[in-house]
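J.: Following is a predicted model, sequence given first.
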Amino acid sequence: MFPPIQNPTTEAVPPKFGEADLLRRSASTITPPAERQTEVAKLIDVSKCIGCKACQSACLEWNELVEEVGINTGVYDNPHDLTPNTWTLMRFTEFENTETGNLEWLIRKDGCMHCEDPGCLKACPAPGAIVQYTNGIVDFVHENCIGCGYCVKGCPFNIPRISKVDHKAYKCSLCVDRVAVGQGPACAKACPTQAIVFGTKEEMKQYAATRIEDLKSRGYANAGLYDPPGVGGTHVMYVLHHNDRPEIYAGLANNPRISPMVEAWKGLTKYAGLTAIGAFAAFGFLHHLVSGANRVSSADEEAAKRLAEGERT
Amino acid sequence: MTNSWTDIKNTDLVWIMGGNAAEAHPCGFKWVTEAKAERGAKLMVVDPRFNRSAAVADHYAPIRPGSDIAFLSGVVNYLLTNDKIHHEYVRHYTNAAYIVRDDFEFNEGLFSGYDEEKRSYDRSTWEYVMGPDGFAVRDMTLKDPRCVFQLMKKHFEIYTPEMVERVSGTPKDKFLKVAEWAASTANGERAMTIMYALGWTQHSSGAQNIRTAAMIQLLCGNIGIPGGGVNALRGHSNVQGITDVGTLTAAIPGYLALPTDKEPTLEAHLAKRTFKPLQPNQTSYWQNYPKFYVSFLKSYFGAKATKENNFGYDWLPKVDVAYDALRMFDVMHQGKTTGMLCQGFNPLMSIAYSGKTVAALSKLKFLVSMDPIETDTVRFWENHGEFNDVDTASIQTEVFMLPVTSFAEEEGSFTNSSRCIQWKWPAADPYFESRKDIDILSDLFVRIRKLYETEGGTGKDPLMAIDWSYENPLEPQPDELLRELNGKALADVTDAEGNVIRRAGEQLAGFGEMRDDGSTDGSMWIYTGVYGPKGNFAQRRDNDDPSGLGVFGNWGFSWPANRRIQYNRASADPQGKPWSEAKKYMYWDGQRWTGPDVPDYVATIPPEQATGPFIMNAEGVSRLWVRGLMADGPFPAHYEPFESPVKNPIFPAIRGNPAARVFNNDMEIFGDSSEFSIVATTYRLTEHFHFWTKNVHTNAVLQPEAIVEMSEQLAKEKGIAMGQLVRIWSNRGEVKAKAVVTKRLVPLQVDGKTVHTIGLPLHFGFIGETKKASPINSLTPPVGDANSQTPEFKAFLVDIEPVSGPVA
């Protein structure tokens, strides 16, 4: 089977990338390292996927996420959407192929695409809340997150979700903690049919080519690799039987782009905004001098703790 | 499995029917994706639903539940009428040439010898014509009108593509594509694997479903070759092991028979099972039955088993009838059972007709549950509203719960579908005071024996005679138990020339070393070799595959004899040469049989001797015609399920399988199509494992609630909206579930009638993390397969209605 996956060592190994390997940092100006790390990618072969949800389960387990037991609304998608605790979700679509007269059950694993040009990061006003490593992984740094939700607006795939508990944004990290020590993402590890594979972006593209050839031989003339150029390509890619119509896969974006609003924000508005922020900061400082600090009582702390623990466990 | 999971990667065509490998066996299914991706193999799926396997298939054909034999017989007929069979294989490796007795008949759906009152057959006419030399008569030209081949042609001619469409509802073109693809493998160049599971077994004609599939594979020459086989996908990690070890009530370990009360002596028992060859030069391996049986008795009774006392044969219980689960609960329902020890068993959820199960459990004096989790069964007395609406005060059963360790907390072995025995080590410490099943049962045994010793009692002798010489009788170790299953030499074992091949005290290296004189023991002959003189082979973890054919010979141990593909002598032609380079596996190299596997044959028998490749059979060949070995016919025939939307279109006078057992008073609990017009079938979802994982939060998140799947047409007809609560009822009970309205189910035209099928996942109950639900088996009928008594969970009748008005 490809790729041959070796069991990783059980010895502790130092992370292979970190702060020094940042390509971008939200609302900050940084100088990326002279040399990029090899770009990584997760390839999701929709034609091999059996919709077993092992990836969903592995994601919950590895990331210690506790989702609530919901209800069934008449479909196999459970939960019904991505949530702050559900970072990946199988979406099932029943597609009647009018060309062949056959029913197709399209099952797509939804989650962060780790765009080369990440709209979330561009939209984020909180310094360092969203970072992109030179290997392509886009990660949320929760202690820096202010929960403003701009990343949701900035994302062309509608991925991040804001927690009502801690008011921070959550999404797939591409298991950055595992990848840093030489392991693939938990979902890829758990996938029984290797519909999800992980490696360098180049390897994944080459492997995808063989899959596409196989699909074409089975009559899927439009089989192809989904690696949308509108966002500079992605570090999560799909092999689709119908690459000409990604939208039939539960609304996968056809030619996604970062919203013009976000692009504008990064342009002129940004500087205008910064001026305004500066003015407010000056006002705040004056206010502090006049009124003093806003104290949090221990009762407030307790209430917040109860709220957080009660809802998170 | 005749083959193995890893062998599926060698196939050219995967046929999944009577199972849903992607859904219920996702990890094993990887070998299907491997065959598709690496070999360009095709996958075809035949199922009432367009399921998860169909989602990645190249061809899907719908079928009405319970009409599999009609469909499969249609394929048999297609192969025969179009002459798409592997001629040399059929002629030499099957009993196609054998002549059948003149008084055998098949009329109007009944074979000769039927007794309507007993619902069973006198099978004496279902035999071969015997020649004066004591061997069965054959016509190798296959032209004799009474030879199996000609009888088959006649028997199956009615199953035309049109008839398949009429009975199964499968559109003719979709059926024909399946038949054509299957036929494309009838040549020794290409292989087809058939993968099935409980979608075939859980019918009143379940065993015959599988048998018809085996006939197709034999006609195509797909048995014994890489990428071929009839492959049963077992539904638990160790259900193969549990079947091997003999939890079937009429069997002892290793598929040997428990004596019946018609066999008062060991001699009588052995005589009935020690089959003499039906052709010259045949192996007829069951001639060794006495060796396996006596070795079993020696393991069981130790030094107390002697030649003089027939090795303790008299101490074995003599069964009158098989006490399968359906009968067990029928007897309990009659109030004849005092107590029940429920070990890893949740019968309230898993046995047909839950209403009867609750009533039966209520008649027990005591119920003991040994389980790692709290089951719905141990709470059967508790009122859970509509989900378990019992009158607690009226139930007097005393219930005990003994917490046991889970599989991950204990050492031992698993035997998987590939018959591969693999050792496992504990991954975690047991919780609290939970104990191992072995320890609880041993403790119980030691205490009960002590009670009998001091106080006496009826039938005490067998209990006293059992050899329990474990190092710690209260805690026998898995290592000791596997050694015991394997067996050892009790005295020096010699070969025919008198050479000592095994010293007294040594573990046996294979069942060929077993003897019937009491000089060996071993309680399960088929496992012999797993723990031989070289140690515990179940612990081997060498993933080397020298042939590249997925033959991991030094990984674990596959019974029998570490063989990975059974009947593998059939991978070569009668001269011992591979059928083709593409399917080269075991072959004669001039001196011996060689290849990547352990030959399923005596390795030194040359091809000239014409010893057949099916060495277990007295004929030396496989059986297209099974003689009297099955209860319901030497050939399969289409019988409707006991609850069917139509009369049998082929044999209108017959309801259900005429040889299936129906308990007294149970005939009236079958529903009729005038009242219940919708076909229902039950199954698993990949998100859950039976009734376990509803206790696991993550699994509950992924599939939280009982659902009923139905077509858009049926939903419209009944006024049911997506996600709406639906009431489903049969003649035995009712359940409620959320409607999954889907294009993946379609109404079929059966015998001129529109037939709707609904799908009912079985996982949900009133205990656990998932939303509360009634057991799905509230609906199912307590009738089983004529041979195995496996309940008919896959085809029965219901009606449905929305619980409240349509939602927007």
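T.: Sure thing, it's come through.

J.: end to end, how far does stretch A:23-42 reach?
T.: For stretch A:23-42, the separation between the terminal residues is 19 Å (Cα to Cα, to the nearest Å).

J.: and what of stretch B:739-756?
T.: Start-to-end, stretch B:739-756 (Cα to Cα) is 15 Å.

J.: So what's the residue count around residue B:407?
T.: 15 (other Cβ atoms under 10 Å in any protein chain shown). Using the backbone N, CA and C atoms, a C-beta is placed for each residue, glycine as well.

J.: what does residue B:71 give?
T.: 26.

J.: So which elements touch the helix or strand hosting it?
T.: Using DSSP states H and E, residue B:71 sits within helix B:68-81. Other helices and strands packing on helix B:68-81, by 3 or more Cβ pairs under 8 Å, 6 or more residues apart in numbering or on different chains; DSSP states H and E, are strand B:13-17, helix B:148-156, helix B:161-168, helix B:172-183, helix B:206-220.

J.: Go again with 10 Å.
T.: Counting contacts by 3 or more Cβ pairs under 10 Å, 6 or more residues apart in numbering or on different chains; DSSP states H and E, helix B:68-81 is packed against strand B:13-17, strand B:42-47, helix B:148-156, helix B:161-168, helix B:172-183, helix B:198-201, helix B:206-220.

J.: How far away from the center of its chain is the longest helix seen in chain B?
T.: If you go by DSSP state H, chain B has its longest helix at helix B:437-455. Counting by Cα atoms, centre = their mean, to the nearest Å, helix B:437-455 is centred 32 Å from the centre of its parent chain.

J.: one step back: now render the helices and strands packed on helix B:68-81 as TSV, adding mean pLDDT, distance to residue B:632 and mean neighbour count.
T.: As requested, the helices and strands packed on helix B:68-81 are exported to TSV (pLDDT from 0 to 100; distance: least, Cβ to Cβ, whole Å; neighbours: other Cβ atoms under 10 Å in any protein chain shown):
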stretch	mean pLDDT	distance to residue B:632	mean neighbour count
strand B:13-17	98	20	26
strand B:42-47	98	22	24
helix B:148-156	98	14	20
helix B:161-168	98	18	22
helix B:172-183	98	24	18
helix B:198-201	97	14	26
helix B:206-220	98	6	26
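
J.: Mind checking these for the one nearest to chain A?
T.: strand B:42-47 (8.3 Å; Cβ to the nearest Cβ).

J.: which is the next helix or strand following the helix holding residue B:71?
T.: Assignment by DSSP H and E places the next element after helix B:68-81 at helix B:87-93.

J.: for that following helix, which positions count as buried?
T.: Within helix B:87-93, the residues scored as buried using 16 or more other Cβ atoms under 10 Å in any protein chain shown are B:89, B:90, B:91, B:92, B:93.

J.: Name the helix or strand for residue B:342, please.
T.: Here residue B:342 is assigned to strand B:339-343, by DSSP H and E.

J.: what lines up beside that strand in the sheet?
T.: Note on strand B:339-343: by DSSP bridges, its sheet partners are strand B:366-371 (parallel).

J.: Only C-alpha atoms, please: export the partner strand in PDB.
T.: Extracted as PDB, the C-alpha positions of strand B:366-371 are listed here (Å, rounded to 0.1, in the frame of the first residue of the first chain):
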ATOM      1  CA  PHE B 366     -31.600 -16.100  38.600                       C
ATOM      2  CA  LEU B 367     -29.700 -14.300  35.900                       C
ATOM      3  CA  VAL B 368     -25.900 -13.900  36.100                       C
ATOM      4  CA  SER B 369     -24.300 -11.400  33.800                       C
ATOM      5  CA  MET B 370     -20.500 -11.600  33.200                       C
ATOM      6  CA  ASP B 371     -19.700  -8.500  31.200                       C
END
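
J.: and the angle from that strand to helix B:437-455?
T.: 150 degrees (axes from the mean of the first three to the mean of the last three Cα atoms, to 10 degrees).

J.: Which residues does strand B:366-371 contact?
T.: Identification of contacts with strand B:366-371 by Cβ atoms under 10 Å, 6 or more residues apart in numbering or on different chains yields B:338-347, B:361, B:375, B:377-381, B:396-404, B:406, B:434-437, B:440-441, B:444, B:692.

J.: Just the buried ones from these?
T.: Applying 16+ other Cβ under 10 Å to these flags B:340, B:342, B:344-347, B:361, B:375, B:377-381, B:399, B:401-404, B:406, B:434-437, B:440-441, B:692 as buried.

J.: I'd like to know which of these are part of strands.
T.: Among the buried ones among the contacts of strand B:366-371, the members falling in strands (DSSP state E) are B:340, B:342, B:399, B:401, B:402, B:403.

J.: re earlier: run through the neighbouring helices and strands of the longest helix of chain B.
T.: Counting by 3+ Cβ pairs under 10 Å, 6+ apart, helix B:437-455 packs on strand B:339-343, strand B:366-371, strand B:398-403, helix B:460-465, helix B:478-486.

J.: in its sheet, what does the third one sit against?
T.: The reference is to strand B:398-403. strand B:366-371 (parallel).

J.: Go through the strand it pairs with and flag the buried ones.
T.: In strand B:366-371, the ones that count as buried by 16+ other Cβ under 10 Å are B:367, B:368, B:369, B:370, B:371.

J.: who in the stretch 101-250 of chain A is up against chain B?
T.: Applying Cβ under 10 Å from any Cβ of the partner chain, we find that the stretch 101-250 of chain A lies next to chain B at A:102-107, A:191-195, A:210-211, A:214, A:217-219.

J.: Quick check: PyMOL command selecting the buried ones in those.
T.: Buried residues among those (16+ other Cβ under 10 Å), as a PyMOL selection:
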select buried, chain A and resi 103+104+105+106+107+191+192+193+194+195+211+214
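
J.: Just the residues of the stretch 101-250 of chain A next to chain B: which are in strands?
T.: A:102, A:103, A:104, A:105, A:106, A:107.

J.: Present those as JSON lines; the columns should include pLDDT.
T.: Shown next, in JSON lines, are these (pLDDT from 0 to 100):
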{"residue": "A:102", "pLDDT": "96"}
{"residue": "A:103", "pLDDT": "97"}
{"residue": "A:104", "pLDDT": "98"}
{"residue": "A:105", "pLDDT": "98"}
{"residue": "A:106", "pLDDT": "98"}
{"residue": "A:107", "pLDDT": "98"}
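
J.: could these go into TSV alongside distance to residue B:158?
T.: Converted to TSV, those look like this (distance: Cβ to Cβ, whole Å):
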residue	distance to residue B:158
A:102	30
A:103	31
A:104	35
A:105	35
A:106	40
A:107	40
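
J.: from those residues, which is closest to chain B?
T.: residue A:105 (4.0 Å).

J.: Give me the buried stretch members for stretch B:306-313, please.
T.: Per 16+ other Cβ under 10 Å, stretch B:306-313 contains these buried residues: B:310, B:311, B:312, B:313.

J.: Check the offset of the helix or strand harbouring residue A:286 from the chain's centre.
T.: Assessed by DSSP H and E, residue A:286 sits inside helix A:268-291. Remark: helix A:268-291 is offset 32 Å from the chain centroid, using Cα atoms, centre = their mean.

J.: Which secondary structure elements does it sit against?
T.: Using 3+ Cβ pairs under 10 Å, 6+ apart: helix A:268-291 touches helix A:260-266.
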